[in-house]
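Chemist: need the 3D shape of this:
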Amino acid sequence: MARPIIDPEIAKQCSALTADELGALRQSIEAEGCRDALVVWAETGILLDGHNRLAICEALPRPYQTTTLSFGDRLDAMIWVLMNQSARRNLTDDQRALVASELAALLSLRAKRERSQAGNEARWGQAAPSASLEDAPAPKDKPTERSRAQAAKSASVSERKVRQAQTVKRAAPELAEQVKQGSMTLAQATREVRKHEQKAKLEDLAAREVIEPTGLYDVIVIDPPWPMEKIERDERPNQVEFDYPTLDEAGLSVLPIPCADDCHVWLWTTHKFMPMALRLLDAWGLKYVCTFVWHKPGGFQPIGLPQYNCEFALYARKGSPKFLDTTAFPVCFKAPRGRHSEKPEEFYEVLRRVTGGRRLDMFNRRIIEGFTGWGKEAA
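Modeler: Got it, this is the predicted structure:
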């Protein structure tokens with residue numbers, strides 16, 4: 001019986017046993033022999049499953065049996081190996097999610113190859129040559145939803161965990177290896193990746209020169225970087241740090257607000273910072289008039305308190321600015337959520353209709369039609 005061939009790439013996919021697990025397996029083989037046959041790829045002689053058993057049997061020594069499976073190419077063989085690994089009972093859910101993330105990439109690659117072959121058959125009336133794993137194009141960073149769902153089902157884990165594993169493997173392979181070895185949880189690795197990404201973004205923002213507005217403006221919207229802190233959690237929303245540098249009240253109160261003699265001003269705030277927002281209007285020499293309320297779908301609900309499903313834009317003015325139109329101009333409006341801290345386009349649509357002149361959006365996080373941007377994220 002020829003010794004099975006050890007392929008480094010395939011052996012790497014087989015999760016290592018702990019010292020206790022390896023010791024128990026050795027005792028079992030020493031006492032009862034190798035009960036389970038090693039699985040060998042029939043066409044190549046490569047060992048697909050049973051690497052630890054083979055090493056122990058050769059060390060003792062003890063005889064072993066093999067069984068063979070046939071595969072069209074290396075890609076199909078690798079998919080079998082990962083599916084087999086994902087079913088191991090001694091793996092944690094996090095470790096199975098990592099296996100599933102690799103399986104999803106290969107399933108996506110196989111689906112792409114099959115579509116290409118089907119297209120060639122339809123075009124030329126013949127089958128396209130079978131591609132090997134080495135010849136096939138590299139899988140995309142984000143496998144298809146169907147492949148991810150299939151991989152998650154095979155590993156008996158949620159698709160959310162598989163997505164987390166994909167993110168960690170792509171951004172920090174060294175952290176993925178720690179999860180694979182059981183020294184770190186997937187949630188901890190995900191937080192570390194997000195912290196690193198946020199730190200890099202904050203450092204990039206800090207290095208940028210602030211884009212200063214020139215001249216005075218007739219309409220100003222201010223969405224300050226309030227001095228908030230997120231709560232770090234193991235489960236969703238997995239908050240780590242905010243996406244932008246923040247300012248305290250002292251820093252905000254000395255901001256130059258480039259108001260024309262007659263100027264409309266809207267200051268965005270949340271429940272927590274409403275008192276500070278009113279103080280800032282005074283510090284900037286503006287007169288408070290009324291409060292616009294953005295009714296949002298859903299929202300954060302503190303323990304023992306109502307759900308906070310709205311935000312506020314305090315309307316103030318300098319001088320005596322006039323509105324061009326006041327029809328269909330309520331102070332309360334509904335609009336869907338955007339990205340974190342992004343204000344709704346419906347709000348800006350109304351302002352473009354009811355105001356004229358030069359408009360400025362301070363601390364904007366996206367390009368707003370009809371408004372000049374100001375701040376380190378204005379670009």
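
Chemist: how about the helices in the protein?
Modeler: Secondary structure of the chain (DSSP state H): helices located at 8-13, 19-32, 51-59, 74-86, 93-124, 145-155, 159-171, 173-181, 186-207, 249-253, 274-283, 345-354.

Chemist: against which helices or strands is the last one packed?
Modeler: Using 3 or more Cβ pairs under 8 Å, 6 or more residues apart in numbering; DSSP states H and E as the contact criterion, the elements in contact with helix 345-354 are strand 217-222, strand 332-334. All C-beta atoms are positioned from the backbone trio N, CA, C, and that covers glycine.

Chemist: tell me which of those strands sits most buried.
Modeler: Of the helices and strands packed on helix 345-354, the one with the most neighbours on average (mean count of other Cβ atoms under 10 Å) is strand 217-222, at a mean of 24.

Chemist: state the distance spanning the first to the last residue of stretch 317-329.
Modeler: 17 Å (Cα to Cα, to the nearest Å).

Chemist: so which bits of it are buried?
Modeler: Residues of stretch 317-329 classed as buried by neighbour count (16 or more other Cβ atoms under 10 Å): Arg317, Lys318, Pro321.

Chemist: want to throw the residues you listed into JSON lines with pLDDT and distance to Gly72?
Modeler: What follows is the buried residues of stretch 317-329, written out as JSON lines (pLDDT from 0 to 100; distance: Cβ to Cβ, whole Å):
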{"residue": "Arg317", "pLDDT": "98", "distance to Gly72": "73"}
{"residue": "Lys318", "pLDDT": "97", "distance to Gly72": "75"}
{"residue": "Pro321", "pLDDT": "95", "distance to Gly72": "73"}
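
Chemist: coming back round to it: go through the helices of the chain and name the closest to Ala328.
Modeler: Closest to Ala328 of those is helix 345-354 (Cβ to Cβ; 8.1 Å).

Chemist: who's in contact with that closest one?
Modeler: 219, 221, 266, 292, 294, 313, 323-326, 329, 333, 335, 338, 359, 368-371 (Cβ atoms under 8 Å, 6 or more residues apart in numbering).

Chemist: can you rerun that using 10 Å?
Modeler: 219, 221, 264, 266, 268, 292, 294, 313, 322-330, 333-336, 338, 344, 359, 361, 364, 366, 368-371 (Cβ atoms under 10 Å, 6 or more residues apart in numbering).

Chemist: present the helices and strands packed on helix 345-354 as a markdown table; the columns should include distance to Leu255.
Modeler: Listed next are these as a markdown table, based on distance: least, Cβ to Cβ, whole Å:
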| stretch | distance to Leu255 |
| --- | --- |
| strand 217-222 | 8 |
| strand 332-334 | 27 |
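
Chemist: what's the closest of the ones you listed to Gln85?
Modeler: Judging these by Cβ to Cβ, what sits closest to Gln85 is strand 332-334, at 48.9 Å.

Chemist: which strands and helices lie in contact with that closest one?
Modeler: In terms of contacts (3 or more Cβ pairs under 10 Å, 6 or more residues apart in numbering; DSSP states H and E), strand 332-334 is packed against strand 287-300, strand 308-318, helix 345-354.

Chemist: Pro258: which of the ones you listed is closest?
Modeler: Pro258 lies closest, by Cβ to Cβ, to one member of these: strand 308-318, at 10.6 Å.

Chemist: let me know the angle separating that closest one from strand 287-300.
Modeler: Relative orientation of strand 308-318 versus strand 287-300 (axes from the mean of the first three to the mean of the last three Cα atoms, to 10 degrees): 160 degrees.

Chemist: now for strand 308-318, which elements pack on it?
Modeler: Helices and strands touching strand 308-318, by 3+ Cβ pairs under 10 Å, 6+ apart, are strand 217-222, strand 259-269, helix 274-283, strand 287-300, strand 332-334.

Chemist: strands paired with the first one, and their directions?
Modeler: Translated: strand 217-222. strand 259-269 (parallel), strand 359-362 (parallel) (DSSP bridges).

Chemist: just the last one next, same as before
Modeler: Each strand that strand 332-334 pairs with, and the sense of that pairing, follows from DSSP bridges: strand 287-300 (parallel).

Chemist: can you add mean pLDDT and distance to Met276 and give the helices and strands packed on helix 345-354 back as a markdown table?
Modeler: Formatted as a markdown table, the helices and strands packed on helix 345-354 follow (pLDDT from 0 to 100; distance: least, Cβ to Cβ, whole Å):
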| stretch | mean pLDDT | distance to Met276 |
| --- | --- | --- |
| strand 217-222 | 96 | 13 |
| strand 332-334 | 95 | 22 |
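
Chemist: any idea which of the ones you listed gets closest to Ala118?
Modeler: Smallest distance to Ala118 across those (Cβ to Cβ): 46.7 Å, for strand 332-334.

Chemist: how far out from the middle of the chain is the closest one?
Modeler: Centroid displacement of strand 332-334 relative to its chain, using Cα atoms, centre = their mean, to the nearest Å, is 30 Å.

Chemist: what does stretch 358-368 give?
Modeler: With Cα atoms, centre = their mean as the basis, stretch 358-368 stands 26 Å off its chain's centre.

Chemist: okay, the helices and strands packed on strand 332-334, which one's buried deepest?
Modeler: Of those, the one with the most neighbours on average (mean count of other Cβ under 10 Å) is strand 308-318, at a mean of 18.

Chemist: for that strand, what is the distance to the chain centroid?
Modeler: Relative to its parent chain, strand 308-318 has a centroid offset of 31 Å by Cα atoms, centre = their mean.

Chemist: domains in this structure, by residue range?
Modeler: Per automatic domain parsing, the structural domains of the chain span 8-70, 93-205, 217-374.
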